[in-house]
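K.L.:
sequence plus the predicted model coming up.
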Amino acid sequence: MDNSSAHICYRIGVSVFVAAVLGAQAATLLVTAQHGSFLRSKMFPILEYPMYAPAHYEGERVTASWLLEGALADGKTVIIPREQLQVDIFDFVNIVQSTLQHDRAATGVLTGLVREHVPGAGLIRELRIKNYPVQLTRNGPKPMSSEIVMTIPLS
Amino acid sequence: MKLNSLWNRFWFAPASYLDLAVLRIIAVGTQLFYMVNEQFSDLEYVYGLPHNVYKPLPLLRLFVWPQGLADPPSSHVVFAIYALCLICGFAGLLGLFTNASLVLFALGCLFLQTFVFSFQQYHHPEAILLLALLAVSLGPSGRVLSLDSLWRQRRHGAVEWVGLLSYGSNYAGWPVRFVQCLFPLIYLSAAVAKVAYNHYSLDWANGFTLQYYLIQDHIRKDVPLAWWASQFHVLILLSQYLVLLYQCTYWAVVPWPRLRWIYLPLGLAFHLGNYLVLDAPFPQWIALLCVYIPWATALARLANAQIAVAAPPGRTMPESK
């Protein structure tokens, strides 16, 4: 191997790059092992890979998405499809789930999207979030009832 | 001293320039395809989101600190970087000013992806390809199969002629090795998560978990195959054990490269299955798995392979002298 100073510098540079990236990626294993979810994308492009990791069990409700409905002053309700809000399914689920965890910013984003994109949004008095009506069984999906899990007043 | 020589022997062992050039072409080609096919619409989409969704990631803060962090960079700047990236990517693909264009391409792609992920969403397929591009950009990736090599040959003439398959150096192998080492860490991360997220148990592999995700992905992405497949509990249970075994033991490919002939087809089947049934495309991972194929060695073996020639019926072959 060439031992001129340029070559030694190059090898040191490569070694630092390789050790830093692989070391950082290996270090995420410890974070993952402690089920720390704080990392998320903060260190991108170094990521944890907990894809499809949480276990699920027989009889569970499949919370793949959420249903939205608006309650009007006269007691009638209108269904608000996700497509109407013009956000993709992953952003929609993130926003709704953060809202359910009482995240004020997410609640603001959700109500803002409803006001901006739903025709006649001014008439809606309450925004209702309902869970998805599908249950997991050994033989596949089974329909079940949907319940209101949160109500957000829209003034 | 011993550690130093072990390190050098692992990272700087003589390797073929061809293997690195193939990695360059596959990595850059895949990233260009992704940029044209998906990233342009991703960029348009995030500019349509409410501004309070924007929370710049640490790496993006580093990229944009001169202009301030409160608002996203203007769309003119971002789309100009996108266009510049495309130009550098095509130059890198063809091997024109290879290292310079690849460094710009890798950094530009890193910026664009970090920008998209600063809108509070992130996905897993992109990161490994970006890291691979960084490594490829720092290695001697344009020595063969490139316009640079033709240019050098024309300009300076040939000092000596060597076979393409045997042409190499101590620096041609490390980017390939780097990606080969990155995959096991990523698969291990996925396996550790499956155990750690479920109270350090093997509950994940209970059959119901994957049934759940099949139903979930059908609802989210409208994949009829997922809905249909979610009925087969026992098959799904077995496939979950196979996935865990694959992800936990994939690292063995690094010290025992022959195992790639088991893990590569398994990996391809695993990712193609995810693509078809769960609509979870990881094209970057599928493309990068080619890093385990020793192209130069395989082609040399193919070129030197001898085959038995059978005599036509009723005739005997003349003996060769």
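P.N.:
In hand now; what should we look at?

K.L.:
quick one: the helices in the stretch 101-250 of chain B?
P.N.:
Under the criterion DSSP state H, counting those that start in this stretch, the stretch 101-250 of chain B carries helices at the ranges B:126-138, B:147-156, B:174-196, B:208-221, B:224-229, B:233-249.

K.L.:
hmm, the longest helix along chain A in reach of chain B?
P.N.:
Longest helix in chain A by number of residues, with DSSP state H as the criterion: helix A:5-33. Yes. Under the criterion of CB under 8 Å from any CB of the partner chain, chain B is reached by helix A:5-33 at A:10-11, A:13-15, A:17-18, A:21-22, A:25-26, A:28-29, A:32-33. For the C-beta atoms, the positions are set from N, CA and C on the backbone; glycine is no exception.

K.L.:
report the buried residues of that helix.
P.N.:
Judged by neighbour count using 16 or more other CB atoms under 10 Å in any protein chain shown, the buried positions of helix A:5-33 are A:10-11, A:14-15, A:17-18, A:21-22, A:25, A:28-29, A:31-32.

K.L.:
any weak-confidence spans in chain B?
P.N.:
By pLDDT under 70, the weakly predicted segments of chain B are B:1, B:158, B:314-321.

K.L.:
show me the residue at the heart of it, geometrically.
P.N.:
The residue at the geometric middle of chain B, judged as the C-alpha nearest the mean C-alpha position with CA atoms, centre = their mean, is residue B:288 (2.9 Å).

K.L.:
secondary structure element for that one?
P.N.:
helix B:283-288 (DSSP states H and E).

K.L.:
just list what the helix or strand just after that helix packs against, helices and strands only.
P.N.:
Tracing the chain C-terminally past helix B:283-288 and defining elements by DSSP H and E, one meets helix B:295-304 next. Where contact means 3 or more CB pairs under 8 Å, 6 or more residues apart in numbering or on different chains; DSSP states H and E, helix B:295-304 is packed against strand B:15-16, helix B:17-34.

K.L.:
closest to residue B:260 out of these?
P.N.:
Checking the helices and strands packed on helix B:295-304 against residue B:260 by CB to CB gives helix B:17-34 as the closest, at 13.4 Å.

K.L.:
tell me the helices and strands packed up against the helix or strand just after the closest one.
P.N.:
Next in sequence after helix B:17-34, counting helices and strands by DSSP H and E, comes helix B:40-48. Contacts defined by 3+ CB pairs under 8 Å, 6+ apart place helix B:40-48 against helix B:75-94, helix B:98-117.

K.L.:
same list (the buried residues of helix A:5-33) but as JSON lines, adding pLDDT and distance to residue A:135.
P.N.:
As requested, the buried residues of helix A:5-33 are exported to JSON lines (pLDDT from 0 to 100; distance: CB to CB, whole Å):
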{"residue": "A:10", "pLDDT": "95", "distance to residue A:135": "60"}
{"residue": "A:11", "pLDDT": "95", "distance to residue A:135": "59"}
{"residue": "A:14", "pLDDT": "97", "distance to residue A:135": "54"}
{"residue": "A:15", "pLDDT": "97", "distance to residue A:135": "54"}
{"residue": "A:17", "pLDDT": "97", "distance to residue A:135": "50"}
{"residue": "A:18", "pLDDT": "97", "distance to residue A:135": "49"}
{"residue": "A:21", "pLDDT": "97", "distance to residue A:135": "44"}
{"residue": "A:22", "pLDDT": "97", "distance to residue A:135": "43"}
{"residue": "A:25", "pLDDT": "96", "distance to residue A:135": "38"}
{"residue": "A:28", "pLDDT": "93", "distance to residue A:135": "35"}
{"residue": "A:29", "pLDDT": "93", "distance to residue A:135": "35"}
{"residue": "A:31", "pLDDT": "90", "distance to residue A:135": "33"}
{"residue": "A:32", "pLDDT": "90", "distance to residue A:135": "30"}
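
K.L.:
ok so, going back, including mean neighbour count and distance to residue A:138, could the helices and strands packed on helix B:295-304 go into TSV?
P.N.:
Shown next, in TSV, are these (neighbours: other CB atoms under 10 Å in any protein chain shown; distance: least, CB to CB, whole Å):
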stretch	mean neighbour count	distance to residue A:138
strand B:15-16	23	51
helix B:17-34	23	38
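
K.L.:
could I get the ones you listed as TSV with distance to chain A?
P.N.:
Putting the helices and strands packed on helix B:295-304 into TSV (distance: least, CB to the nearest CB, whole Å) gives the following:
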stretch	distance to chain A
strand B:15-16	13
helix B:17-34	13
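
K.L.:
between these, which gets nearest to residue A:146?
P.N.:
Proximity of these to residue A:146 was assessed by CB to CB; the nearest stretch is helix B:17-34, lying at 37.2 Å.

K.L.:
and that closest one, what does it pack against?
P.N.:
By contact count (3+ CB pairs under 8 Å, 6+ apart), the secondary structure elements abutting helix B:17-34 are helix B:75-94, helix B:98-117, helix B:126-138, strand B:168-169, helix B:174-196, helix B:283-288, helix B:295-304.

K.L.:
buried sites along the longest one?
P.N.:
Applying a neighbour-count criterion of 16+ other CB under 10 Å, the buried positions in helix B:174-196 are B:174-196.

K.L.:
one more: the second one?
P.N.:
By neighbour count with 16+ other CB under 10 Å, helix B:98-117 contains the buried residues B:98-99, B:101-117.

K.L.:
list the neighbouring strands of the helix or strand that comes right after the longest helix of chain A plus their orientation.
P.N.:
Sequence-wise, the next helix or strand downstream of helix A:5-33 (DSSP H and E) is strand A:66-72. According to DSSP bridges, strand A:66-72 forms sheet pairs with strand A:77-80 (antiparallel), strand A:124-131 (antiparallel).
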